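1. Return atomic coordinates for the entry below.
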Amino acid sequence: VFTVNFLELFGTEEGPFAINLDMNLDALFSNPKSMRSFIDMLRTSSNLVFDHAPDPSFDPTLGGILPNTKNEDWNYFFGNGPEISNVMVAWTGNTPSVSIEWDKSKDPNAANIDHYEIYRGTNASMTDGASVGTVSDPNATLFTDTTLPSSGNVFYYRVYTYYNVTGKGTALTYSYFEEAVLRLYVDINSVSSTENGSKANPYKDLSDAIRNEAMAGTWVHVAKGTYNEAAASLSMWNKPGLILEGGYDPLTWTRNIELNETIIDATGRGDWAVISFDNTTGNVIDGFTITNGFTNDQCPGVNIWQAASITIRNCKITNCNSGINVGENSSALIENCKIYGRKALGAGWSGINVWHGQAEIINCLARDNKIAGISVSDGSNASIRNCDILLNGQGGVHVYKSTSLIENSRVSQNAMQGIILMTDSVTTIRGCDITQNIQDGITASDAAFNIEHSRVFLNGVNGIAAVAKAGSSNRIFNSLIDGNQTAI
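-> Numbering: from 1, shown residues only. Here you go, the predicted model:
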């Protein structure tokens, strides 16, 4: 319980009174917006704070109780200063701007406003906030920021208000921070004659929007429909942080990826990949069907090359010569994806290829690929968790000269082996069902392995066929090996 005598603190003319406030003060002053309406009920003068602030005799820390609190915090707390009422993002070509509008109608000291200072930061606590402009007109209610950095898609704004109160000097307060997200909207079926990336006038061509308009960090919302991208790869070259989301209803711009299927169709393309991430970091693609990348012999649905921290989520990749390639010192999170290969046509490669890279593969389906469901090779590191790897042409999982974890996954009905561990690989298989593969459940050749809490059963030849790597320590622990022609 925090007890304040407002007569002592602020010198009101109504006489002494005390208020018991049962609250977490740290939380209050880090996010005090919700308290402003409450304080309106406690007012006994037009401006409690200004009766003393910035009088040096007033200690805003309350004797060290709130060591980081300043006069402007108290001014904000007691309802002084305008609040931001609207944040608007606009684009001119590929250059975004953010307009901030504020409402000063409820500010009891609006008549004493001298000027405003607009601050921008990249986090909600505004720890890196810095001024991006001064508004000298006290009657103004709008500022446009045209100095956005070349990367980042989320910014936070705060309006600082400076007062000049006769006989009391200058005082300062601020608004609560508001968020601005750089967004572009794309709708292949838009009938608008104007294209500016807004909800009302979205871009129609996805590749044009990304190549020509979206700066690094932009959040691109894509409406349902089929986007024919046969001319060239949909490239995220040097666009760090760009987020591409499908599944939107173009009328409401609400998102449901099941109801609003968003298809990227590469029919007829002779290029390397349907979608490529090169020389970039922190990108996301979420909620698309990616299809018909097969003109080039190894054309993947998604190619990641010299790129870091790429996320592929909630995507379905069909009829591509390979599904997702993670190569050449790249790293990726692949989550909730379904990769359907071209085995039935006698074409294609593996569903997911990790080559000289790192990948975390979670809750994915890889099936009907000509070679493997998932291939990890040449100094890579991969974790495969909660996946179904089924009906692939030359094995479920291949690991070659790499380190991998295969956990809580089903590897089943693959031609040849379920899991193939090859030269100098180190693999842990934990909690998996490896069953009904045409040949061995697990084959290890010059490889180190641990098999834990798994079931290897009903495979066509051996449960486990192993030629362990010399000097390696291998273990089969608490696992069921049953129903194969030979157990081990």
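2. How about Trp237: what's its closest non-neighbour residue?
-> What sits nearest to Trp237 in space, not counting adjacent residues and going by CB to CB, 6 or more residues apart in numbering, is Asp278, at 5.0 Å. Quick note: C-beta positions are derived from backbone N, CA and C, even for glycine.
3. The one you found contacts Leu234, correct?
-> No: counting by CB atoms under 8 Å, Asp278 does not reach Leu234; the two are 11.7 Å apart.
4. which of those two has more neighbours?
-> Taking other CB atoms under 10 Å, Asp278 and Leu234 do not tie; Leu234 has more neighbours (24 against 18).
5. which ones are touching the more buried one?
-> The contact partners of Leu234, by CB atoms under 8 Å, 6 or more residues apart in numbering, come to 206-207, 210, 264, 274-276.
6. now do 10 Å
-> 206-207, 210-211, 227, 244, 264, 266, 271, 273-277, 285, 288, 290, 302 (CB atoms under 10 Å, 6 or more residues apart in numbering).
7. now Ile476
-> 429, 442, 449-452, 454, 456, 463-464, 466, 488.
8. Please apply the same query to Ser409.
-> Counting by CB under 10 Å, 6+ apart, Ser409 touches 361, 363-364, 373-374, 384-389, 396-397, 419, 429-434, 454.
9. 6 Å instead?
-> Residues counted as contacts of Ser409 (CB atoms under 6 Å, 6 or more residues apart in numbering) are 384, 387, 432.
10. Next, count neighbours for Glu179.
-> Per other CB under 10 Å, the neighbour tally for Glu179 reads 11.
11. And what about it, helix, strand or coil?
-> In the three-state summary, Glu179 is assigned as strand, counting by DSSP: H, G, I helix; E, B strand; the rest coil.
12. got the contact list for it?
-> Applying CB under 6 Å, 6+ apart to Glu179 gives the contacts Tyr156.
13. follow-up on the earlier one: just the buried subset of the contacts of Ile476, please.
-> Among the contacts of Ile476, those classed as buried by 16 or more other CB atoms under 10 Å are 429, 442, 449, 451, 454, 456, 463-464, 466.
14. Mind putting the residues you listed into a markdown table with distance to Met126 and pLDDT?
-> Output for the buried ones among the contacts of Ile476, formatted as a markdown table (distance: CB to CB, whole Å; pLDDT from 0 to 100):
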| residue | distance to Met126 | pLDDT |
| --- | --- | --- |
| Ile429 | 48 | 98 |
| Ile442 | 54 | 97 |
| Phe449 | 51 | 95 |
| Ile451 | 52 | 97 |
| Ser454 | 50 | 98 |
| Val456 | 56 | 98 |
| Gly463 | 60 | 97 |
| Ile464 | 58 | 96 |
| Ala466 | 58 | 92 |
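15. ok, back up a step: so what pairs up with the residue nearest to Trp237 in the strands?
-> Trp305 (DSSP bridges).
16. Against Ile100, how distant is it?
-> Look at Asp278 and Ile100: by CB to CB, to the nearest Å, they are 35 Å apart.
17. Check Phe449 too.
-> Distance from Phe449 to Ile100, counting by CB to CB: 58 Å.
18. Then Asp433?
-> Separation of Asp433 from Ile100 (CB to CB): 56 Å.
19. Which of those two has more residues huddled nearby?
-> Each of Asp433 and Ile100 has its neighbours counted (other CB under 10 Å); Ile100 has more, 26 against 19.
20. What helices and strands are in contact with the strand or helix carrying the more buried one?
-> Taking DSSP states H and E as the definition, Ile100 sits inside strand 95-103. With contacts defined as 3 or more CB pairs under 6 Å, 6 or more residues apart in numbering; DSSP states H and E, the secondary structure elements packing on strand 95-103 are strand 83-92, strand 142-145.
21. Report the buried residues of the shortest one.
-> It stands for strand 142-145. 143, 145.
22. now stretch 394-405: mean pLDDT?
-> Within the predicted structure, the mean pLDDT of stretch 394-405 is 97.
23. just to revisit the earlier point, please convert the contacts of Ile476 to a markdown table, extending it with distance to Leu259 and secondary structure.
-> Shown next, in a markdown table, are the contacts of Ile476 (distance: CB to CB, whole Å; DSSP: H, G, I helix; E, B strand; the rest coil):
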| residue | distance to Leu259 | secondary structure |
| --- | --- | --- |
| Ile429 | 38 | strand |
| Ile442 | 41 | strand |
| Phe449 | 44 | strand |
| Asn450 | 43 | strand |
| Ile451 | 42 | strand |
| Glu452 | 41 | strand |
| Ser454 | 38 | coil |
| Val456 | 40 | strand |
| Gly463 | 44 | coil |
| Ile464 | 45 | strand |
| Ala466 | 48 | strand |
| Ile488 | 49 | coil |
